[in-house]
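# pasting a predicted model and its sequence here:
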Amino acid sequence: MKIAFYLKSIFLPNGILSYGIELGKFLKNNGWDIEFLIDDPSCKVDSVEGIPVYSLSSRLDLIRFIRLVRYVKTKKPDVLISHIHARNPIIAFLKFLHVGKKTKLVAFFHLPPKRWNTFKSFVLSKFDGIVAVSDNVLESLKRLTGRDDIVLLRNPFNFDLICELAEKKLPSHLEYLFLSKKVVLYAGRFEDQKGVEDLIDIFYIVKKKVKDAILVLVGNGSKEGLLKKKIKDLGIEEHVMFIKPEKNIFRYMKRAGVFAFPSYYESLGRVVLESLFLGTPVVAYASDGDHVNILSQFNLVVPPGDIEGFAERIVDILYKEESFNFKDFDYSKYDIKEIGENFMVYCNHLLERVEEISAF
């Protein structure tokens, strides 16, 4: 079976790309033909993680659409999966042109829709399937669309690989830093959604109470310049370290004292589950993501915008060195093998190769 994942970019590490890579590799290892269809015009690579890449490579929407039509006509994917909500109307238009009649269109939703209208309902009615990647997204989509055929396929994780990568050593100066300091870690994009500006204020409070605390920020984004200015204005430059994004963030997670996750909205913060699996506590805002339900069991969430409360919870963990038993959580429902197998059943169901679909 040939599956095409329509992604925005392969250069910006994020949960959507991680989802596509994990699922794509599993399907490829099980003999399926997988390809990443990339919208980013700057993409010039031929493959990522062993998965072929086909770039639409144009800054003009019309040219990209023409190339999308050509792709579907020539490559004839059995299933075209959209991970880009903004492109769903364009993909739905393939139905009107009768392009790829046998190609099934599936829309993946990684976040609950912020707004809904008749147009969006019409667009989604042209898709053969809808997938939600978390419980809160599933409930939101059911309520807004009225469709009862939406499938839940949670974020997939390769936990064996996470453990293996976490054991890799850091550069010697970073190994010493993580051993000698109480590290507050953040890994992700520097954007408004992620609450990174709040994190600087949070750490400023933490630093007053935990003298050997240091903030390590792994990532990049449009807010990087603003963050550096704020750090300088607060006079804490010597206690904050920026590290460029990299694939193996797990070696940082395993060595950190606490992982800070002040995101204002998510479906499931992948880094939250990864950090907990490695035994590192996470403090987060009580947004509507599924990770909040997990962290609430350990009293690790605070109200959104509660900078003082967030800082106090970090201080409690660093100063009192609380012990948590994160191993009791059931990680199996996020395991790539189970999710990958369910996805294969779902695709076969869409193509009418089986009569019934199992409940995921």
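It's in.
# what's the closest non-adjacent residue to Leu111?
In space, Leu111 comes closest to Ser267 once its chain neighbours are excluded; the distance is 5.3 Å by CB to CB, 6 or more residues apart in numbering. (C-beta placed from N, C-alpha, C; glycine too.)
# next, that neighbour: secondary structure please.
coil (DSSP: H, G, I helix; E, B strand; the rest coil).
# tally of neighbours for it?
Using other CB atoms under 10 Å as the criterion, Ser267 is surrounded by 26 other residues.
# list the residues that contact it.
For Ser267, the set of contacting residues under the criterion of CB atoms under 8 Å, 6 or more residues apart in numbering consists of 15, 109-112, 132-134, 136-137, 155, 289-290.
# next one: the residue lying closest to Leu234 once chain neighbours are set aside from Ala311, what distance?
Here the nearest residue to Leu234 in space, its sequence neighbours aside, is Tyr204; by CB to CB, 6+ apart that works out to 5.2 Å. When distances are taken as CB to CB, to the nearest Å, Tyr204 and Ala311 turn out to be 8 Å apart.
# then Leu318?
When CB to CB is the yardstick, Leu318 and Ala311 sit 10 Å from each other.
# what do the two both touch?
Between them, Leu318 and Ala311 share these contacting residues under CB under 8 Å, 6+ apart: Val206.
# picking up where we left off before, reformat the contacts of Ser267 as a markdown table; add secondary structure, neighbour count and distance to Phe93.
Supplementary listing: the contacts of Ser267 in a markdown table, determined by DSSP: H, G, I helix; E, B strand; the rest coil; neighbours: other CB atoms under 10 Å; distance: CB to CB, whole Å:
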| residue | secondary structure | neighbour count | distance to Phe93 |
| --- | --- | --- | --- |
| Gly15 | helix | 19 | 27 |
| Phe109 | strand | 22 | 19 |
| His110 | coil | 19 | 22 |
| Leu111 | coil | 21 | 23 |
| Pro112 | coil | 21 | 25 |
| Ala132 | strand | 24 | 23 |
| Val133 | coil | 24 | 25 |
| Ser134 | coil | 23 | 28 |
| Asn136 | helix | 21 | 29 |
| Val137 | helix | 26 | 24 |
| Asn155 | coil | 23 | 29 |
| Gly289 | coil | 26 | 32 |
| Asp290 | helix | 21 | 32 |
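# need those residues in a markdown table (columns: distance to Asn29).
Compiled in a markdown table, the contacts of Ser267 are given as follows (distance: CB to CB, whole Å):
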| residue | distance to Asn29 |
| --- | --- |
| Gly15 | 21 |
| Phe109 | 26 |
| His110 | 23 |
| Leu111 | 28 |
| Pro112 | 32 |
| Ala132 | 25 |
| Val133 | 21 |
| Ser134 | 25 |
| Asn136 | 30 |
| Val137 | 27 |
| Asn155 | 18 |
| Gly289 | 29 |
| Asp290 | 27 |
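# how's the protein carved up into domains?
The chain breaks down into these structural domains: 2-156+335-350, 159-332 (assignment by automatic domain parsing).
# same list (those domains) but as JSON lines, adding mean pLDDT.
Output for those, formatted as JSON lines (pLDDT from 0 to 100):
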{"stretch": "domain 2-156+335-350", "mean pLDDT": "89"}
{"stretch": "domain 159-332", "mean pLDDT": "92"}
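# return the set of residues that bridge with Val218.
On DSSP bridges, the residues paired with Val218 through beta bridges are Ala187, Ile243.
# strands of the stretch 1-150 of the chain, start to end?
2-7, 33-38, 47-48, 51-55, 79-82, 104-109, 129-132 (DSSP state E, counting those that start in this stretch).
# run me through the strand neighbours of the second one, direction for each.
For strand 33-38, the paired strands and their directions (DSSP bridges) read strand 2-7 (parallel), strand 51-55 (parallel).
# of these, which is nearest Asp212?
When these are ranked by proximity to Asp212, the top entry is strand 2-7, at 41.3 Å, counting by CB to CB.
# please work out which residues outside the closest one touch it.
By CB under 8 Å, 6+ apart, the list of residues contacting strand 2-7 from outside reads 16-17, 20, 23-24, 27, 32-39, 54, 71, 75-84, 87, 91, 347.
# okay, buried residues for that strand please.
Residues of strand 2-7 classed as buried: 3-7 (neighbour count, 16 or more other CB atoms under 10 Å).
# before we move on, the earlier item: just to be sure, the residue nearest to Leu234 is in a helix?
Yes: according to three-state DSSP, the state of Tyr204 is that of a helix.
# quick one on the thing from earlier: tabulate the buried residues of strand 2-7 in JSON lines, adding columns for distance to Leu105.
Rendered in JSON lines, the data for the buried residues of strand 2-7 read as follows (distance: CB to CB, whole Å):
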{"residue": "Ile3", "distance to Leu105": "12"}
{"residue": "Ala4", "distance to Leu105": "10"}
{"residue": "Phe5", "distance to Leu105": "13"}
{"residue": "Tyr6", "distance to Leu105": "10"}
{"residue": "Leu7", "distance to Leu105": "15"}
